[in-house]
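Student: From the sequence below, what's the structure:
(one chain, ligands or ions: 2)
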Amino acid sequence: MSQSTSIDPTLDLRAEILRLKRELNAILLCHYYQDSEIQDLADDLGDSLALARRAAATDADVIVFCGVHFMAETAKILNPDKLVLLPDLKAGCSLADRCPESDFRAFLERYDNPFVISYVNSSAAVKAMSDLICTSGNVLKMVERAPKDRTIVFAPDRNLGRFAIQKTGRDMVLWPGGCEVHEVFSEKALVQLKHRHPEALVLAHPECADNVLRHADFIGSTKDMLDAVTRETRASFIVVTEPGVIHEMQKRAPGKQFIPVPNEAGCACNTCPHMRLNTLEKLYLCLRDRAPSIELSPELAQRALRPLQRMLDWS
Ligand code: 13P
Ligand code: SF4
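Tutor: Numbering: from 1, shown residues only. Ligands and ions are numbered 1, 2, ... in the order given. Presented below is the predicted three-dimensional model:
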C-alpha cells in the first residue's frame, strides 16, 4: 500500500519530528553531509566510524539514519532486532553501488586465501565476504593489523586504498572503485584557490584522487577534518570534501573561513546527490509512517556482523 506523502503545510516540521522521535523512543543519527537543517535536529552527528559506534551502543527502540543506505544498513547489522529507518531508500553511494556482490566474489577468486578489508561504504553482501571493515577514520590502524602472510584485498575505494598503502607501506590489491563526488574535485580550481588564499590550510578526504591529495596539508575523515579546524591556529581552510561538513565547522570555529572546492564540471559546491535525497519532509514522513525501513535477512546480517564487530573491537 502506498503511503500518503502529503503534509499539512501549517505543520511545524521540526517540532513534529522531535515529538515523534520522543514518542517512538528513537535516536536520530546524522552524517555531516546532510542538509544543515537536518544536522541541527540530530541526537548524534558524526563520521561513519562514530555513527557505527553510536548505533552499536544505543538502547533506543528505533534508529533513524540521516545518511546513505550503507550507513543505515550498518546500523541494522549491529541491531538486527531494531527498526532502522532511512528517510529515502534511494540514498545510495557510488562506492557501494559499483561493487556488486557477484563481481566482487569473482574478483576474490583470483587470489589464494586473501585477507579482505572492505571500506564501510559497501553493501552488507560485500561486508559478509570480508575479514575486516574499516572507515576513513581508522583505515591505517586496520590495515596495519592485517596478517603479514596473506594477500590483502582492499575494496571498494581505490583512492582510500592507495592512501593506506602509501602511509602503512603494506602491499594491497585494490578493487577499482571510486566516489563520484570525491574523484571529481578539480585540481586546477584547487591550485587557483591556494594561490588566492595562500594562508589557508588545505583539508582533504582520502577518497579524493591522488592529483588532488598531493596538494593537501591534512588528509583525514570528516571528523578528523573537524578536529583540525579547532586544533589549528589558521584562520582559513580550503575544504576538499562534501561541503555539508562546513556547517559543523562554522559552529565549532566561528569566525574562521571555510572555502569549498568546485568539481571538474565547474559546480561551485560539489555535493553528494545521494546524501541530499534526505529532506526534512521525508524525515518527518518516515517517523510518522515508521517506513521506509532497512530489511536484511538474519543470516546475511550475522555474516556481515563478524568483520564489522572486529573493526569495532580493534579501533
Ligand atoms: P566519513 O566516514 O569520513 O565521514 O566519510 C563518509 C563518506 O561517505 C565520505 O564520502
Ligand atoms: Fe558515497 Fe561519495 Fe556520497 Fe560519500 S560522498 S556517500 S562515498 S557517493
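Student: Report the contact partners of F65.
Tutor: F65 sits next to 29-30, 51, 71-72, 75, 84-86, 294 when contact means Cβ atoms under 8 Å, 6 or more residues apart in numbering. (Glycine included, C-beta is placed from N, CA and C.)
Student: Equivalent analysis for K127, please.
Tutor: In this structure, K127 makes contact with 77, 118, 133, 303-304, 307-308, judged by Cβ under 8 Å, 6+ apart.
Student: excluding its backbone neighbours, what's nearest it?
Tutor: Taking Cβ to Cβ, 6 or more residues apart in numbering as the measure, K127 lies nearest to A304, with 4.0 Å between them; neighbours along the chain are not counted.
Student: residues contacting that neighbour?
Tutor: Listed by Cβ under 8 Å, 6+ apart, the contact set of A304 reads 77, 124-125, 127-128, 296.
Student: From S6, how far off is the residue nearest the centre of the chain?
Tutor: In the chain, the centroid-proximal residue (Cα atoms, centre = their mean) is S48; its distance is 4.7 Å. S48 is 34 Å from S6, where distance means Cβ to Cβ, to the nearest Å.
Student: One more: V261?
Tutor: When distances are taken as Cβ to Cβ, V261 and S6 turn out to be 39 Å apart.
Student: nearest to V153, of the contacts of K127?
Tutor: V153 lies nearest to S118 out of the contacts of K127, by Cβ to Cβ, at 8.8 Å.
Student: pretty sure that closest one contacts P307?
Tutor: Yes: in this structure, S118 is within contact of P307 by Cβ atoms under 8 Å, at 7.1 Å.
Student: between those two, which one's more packed in?
Tutor: S118 (29 against 21; other Cβ atoms under 10 Å).
Student: What are the contacting residues of the helix or strand harbouring that one?
Tutor: Using DSSP states H and E, S118 sits within strand 115-119. With contacts defined as Cβ under 8 Å, 6+ apart, strand 115-119 is touched by 95, 108, 126-127, 129-136, 139, 142-143, 146-147, 150-157, 160, 172, 307.
Student: List the pairing partners of that strand within its sheet, with orientation.
Tutor: Each strand that strand 115-119 pairs with, and the sense of that pairing, follows from DSSP bridges: strand 132-134 (parallel), strand 152-155 (parallel).
Student: Now it - C-alpha only, CSV.
Tutor: The C-alpha trace of strand 115-119 is given here as CSV (Å, rounded to 0.1, in the frame of the first residue of the first chain):
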residue,chain,number,x,y,z
PHE,A,115,42.5,-11.2,3.7
VAL,A,116,39.7,-8.9,2.7
ILE,A,117,39.4,-5.4,4.1
SER,A,118,36.2,-3.6,3.0
TYR,A,119,35.6,0.1,3.5
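Student: for the helix or strand that comes right after that strand, the distance to its chain's centre please.
Tutor: The element immediately downstream of strand 115-119 (helix or strand, assigned by DSSP H and E) is helix 124-128. What separates the centre of helix 124-128 from the centre of its chain is 16 Å, taken as Cα atoms, centre = their mean, to the nearest Å.
Student: Now do helix 124-128, average pLDDT.
Tutor: Looking at helix 124-128 alone, the average pLDDT works out to 98.
Student: Dump that helix to CSV, restricted to CA.
Tutor: These are the backbone C-alpha positions of helix 124-128, laid out as CSV (Å, rounded to 0.1, in the frame of the first residue of the first chain):
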residue,chain,number,x,y,z
ALA,A,124,26.1,-6.0,3.5
ALA,A,125,26.8,-8.7,1.0
VAL,A,126,30.3,-7.4,0.3
LYS,A,127,30.9,-7.0,4.1
ALA,A,128,29.8,-10.6,4.6
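Student: Pull the top helix by length along the chain out as PDB, backbone CA atoms only.
Tutor: Secondary structure of the chain read by DSSP state H shows that its longest helix is helix 298-314. Backbone C-alpha positions of helix 298-314 (Å, rounded to 0.1, in the frame of the first residue of the first chain) are rendered in PDB as follows:
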ATOM      1  CA  PRO A 298      19.200 -12.500   9.700                       C
ATOM      2  CA  GLU A 299      21.600 -14.900   8.100                       C
ATOM      3  CA  LEU A 300      23.300 -12.100   6.000                       C
ATOM      4  CA  ALA A 301      23.200  -9.700   8.900                       C
ATOM      5  CA  GLN A 302      25.100 -12.300  11.000                       C
ATOM      6  CA  ARG A 303      27.800 -12.900   8.400                       C
ATOM      7  CA  ALA A 304      28.300  -9.100   7.900                       C
ATOM      8  CA  LEU A 305      28.500  -8.600  11.600                       C
ATOM      9  CA  ARG A 306      31.700 -10.600  12.100                       C
ATOM     10  CA  PRO A 307      34.100  -8.300  10.200                       C
ATOM     11  CA  LEU A 308      32.200  -5.200  11.500                       C
ATOM     12  CA  GLN A 309      32.500  -6.300  15.100                       C
ATOM     13  CA  ARG A 310      36.200  -7.000  14.600                       C
ATOM     14  CA  MET A 311      36.600  -3.400  13.400                       C
ATOM     15  CA  LEU A 312      34.800  -2.100  16.500                       C
ATOM     16  CA  ASP A 313      36.900  -4.300  18.700                       C
ATOM     17  CA  TRP A 314      40.200  -3.200  17.100                       C
END
